[in-house]
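Colleague: let's see this in three dimensions:
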Amino acid sequence: MNEKRKEVIEKLLNKIRNGDIVVNGKLLPERQLAEAIGESRPVLREGLIALEAMGVLDIRERQGIYFSSREENEAKMMLQKVRGWPADVLSRVMEVRQIIEPLATGLAAARRNDKDLMKMRECLEHMKELAGQTSEEAAKTGAYYNTAFHTVIVESADNAYLSRIYEGVYAVIEDGLSLMRINTSPRASGGRELAYQEHVRLYKLIEAKDSAGAELFAEEHLLHSINAMVELGQIVPTSNLIEQKFVGRARLL
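Modeller: I've put the predicted structure just below:
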């Protein structure tokens, strides 16, 4: 997260804490917010998107900017906690994905059942339908099913503690993927069409109970997303742990 975005988030936190920009459980319209914090609307929007990715705000098209929490006081407590979060949240979340997902995918290949496979196929059907579409809404919906697919994989590993850990990251993953897909050509590395094909391959490896193959390809699949995000400036290059051999099979070579 760049310094300007951090500054905007800090301004929003202060205004929210003081009650200056909150009316009936939601934030003022963007134009008034920009005036209140003394920033342009494009710069404000970056800060709002970051807070939405953190699960704090819910930006609803043509409806307004709401707290994700039902209770305003609870939402304000969540906002205070954001101060202690890493500045580059998405970068850190992608690091966690590299630690969890390849091993979880290999474990899922060994432990999956027919119900797990059915859930994966349902996600794939939606992803296939959306893969060739280029609208922003298609990117957001595709990101949802992308995240759902990986969540099913982790759940298929049949370890409740692992699933609980993963719950803490998938909301940020979905928003980050959505932004990445919007700005990436569908056929490019990290794009929707290639991502769909890679998910199909992951499914087939899991279906075949090929644990080693599933783990290795999960790493390759993650690298494509990481490289696309680095290129777009969404995450820092040093968050590519696989390439640096901190995690993954390559570290053993």
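Colleague: list the contacts of the helix or strand containing residue 127.
Modeller: Assigned by DSSP states H and E, residue 127 belongs to helix 114-131. The contact list for helix 114-131 (CB atoms under 8 Å, 6 or more residues apart in numbering) reads 108, 138, 141-142, 145-146, 148-149, 152-153, 155-156, 186, 192-193, 195-196, 199-200, 203, 206-207. Using the backbone N, CA and C atoms, a C-beta is placed for each residue, glycine as well.
Colleague: of those, just the buried ones, PyMOL syntax please.
Modeller: This is how PyMOL selects the buried members of those, with burial counted by 16 or more other CB atoms under 10 Å:
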select buried, resi 108+138+141+142+145+146+148+149+152+153+155+156+186+192+193+195+196+199+203+206+207
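Colleague: from the contacts of helix 114-131, which land in helices?
Modeller: 108, 138, 141-142, 145-146, 148-149, 152-153, 155-156, 192-193, 195-196, 199-200, 203, 206-207 (DSSP state H).
Colleague: ok so, going back, can you list the buried residues in the helix holding residue 127?
Modeller: Result for helix 114-131 [16+ other CB under 10 Å]: buried residues 116, 119, 120, 123, 124, 126, 127, 128, 130, 131.
Colleague: element containing the residue positioned nearest the centre of the chain?
Modeller: In the chain, the C-alpha nearest the mean C-alpha coordinate belongs to residue 173, at 1.1 Å (CA atoms, centre = their mean). If you go by DSSP H and E, residue 173 is part of helix 160-182.
Colleague: ok, residue 65 next?
Modeller: strand 64-67.
Colleague: pairing partners for that strand, with directions?
Modeller: Note on strand 64-67: by DSSP bridges, its sheet partners are strand 26-27 (antiparallel), strand 57-60 (antiparallel).
Colleague: tell me which of those strands sits most buried.
Modeller: Neighbour counts (mean count of other CB atoms under 10 Å) averaged over each of the strands paired with strand 64-67 peak at strand 26-27, with a mean of 20.
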